[in-house]
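**Q** here is my input; please provide its structure:
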Amino acid sequence: MQDALRERALRLLARREYTRQELSQKVALFAESAEQLEALLDDLTSRHLLSDQRYAETRRNSRAPRLGDARLAYELRSKGVAAELVSATLAAGEDELTRARRVWQRRFGSLADVGDAAEQARQMRFLAGRGFSGETIRRLLSGATLEDD
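**A** Next up is the predicted model:
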């Protein structure tokens, strides 16, 4: 049974990265006991086949070009990544303001009219929905207004 459980876990890991919590949930139904499951997860971690840090970096690299730090942190925490690891992973990535500017330019163009209050509110809601912080949004939109003058 241990071999079948290991094989199932390795098949899952061959497709994509998983956090320890995710993989545990996926294979828990097939484990004979909690001890067997923990032993398997410990073994996979010690062999560097299972890594929350690698998962967090992969997730950051794939999602950060479109999302803000708040949304990325939420996604990582919901998958079971430790808060310290989330902070370290986000700090190692690109600056949130730079990413927000790129997302904003892609969506609204470099000459977007942010002078109109309704349009500015719409752009702020869009960026907030993507998980960018209020401070980042204010800095971006105030800078965009200054650039357009």
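**Q** below-threshold pLDDT in the chain: ranges please.
**A** 1, 110-114, 144-149 (pLDDT under 70).
**Q** would you map out the domains in it?
**A** 1-50, 51-94, 96-148 (automatic domain parsing).
**Q** pull the number of nearby residues for residue 125.
**A** 11 (other CB atoms under 10 Å). Placement of C-beta: from N, CA and C, glycine included.
**Q** got it, and residue 2?
**A** 12.
**Q** what residues does it make contact with?
**A** With contact taken as CB atoms under 8 Å, 6 or more residues apart in numbering, residue 2 is in contact with 36, 40.
**Q** give me that answer again for 10 Å
**A** With contact set as CB atoms under 10 Å, 6 or more residues apart in numbering, residue 2 has these partners: 31, 32, 36, 39, 40, 43.
**Q** who touches the helix or strand hosting residue 25?
**A** Taking DSSP states H and E as the definition, residue 25 sits inside helix 20-27. Residues outside helix 20-27 that contact it (CB under 10 Å, 6+ apart): 4-6, 8-9, 11-13, 16-19, 31, 34, 36-38, 40-42, 44-45, 49-52, 55, 78-82.
**Q** let's see 8 Å
**A** 5, 8-9, 12-13, 18, 37, 40-41, 44-45, 50, 52, 79-80.
**Q** contacting residues for the residue most central in space within the chain?
**A** Residue closest to the mean C-alpha point of the chain, counted by CA atoms, centre = their mean, is residue 72 at 3.5 Å. Neighbour list for residue 72: 59, 60, 63, 64, 90, 131 [criterion: CB under 8 Å, 6+ apart].
**Q** gap between the two ends of stretch 26-39?
**A** 15 Å (CA to CA, to the nearest Å).
**Q** now it: buried residues?
**A** 27, 31, 37 (16 or more other CB atoms under 10 Å).
**Q** quick check: the second one touching residue 5?
**A** Yes - taking contacts as CB atoms under 8 Å, residue 31 lies within contact range of residue 5: 5.7 Å.
**Q** can you list residues touching both of these two?
**A** 37, 40.
**Q** buried stuff in stretch 134-145?
**A** 136, 137, 140, 141, 144.
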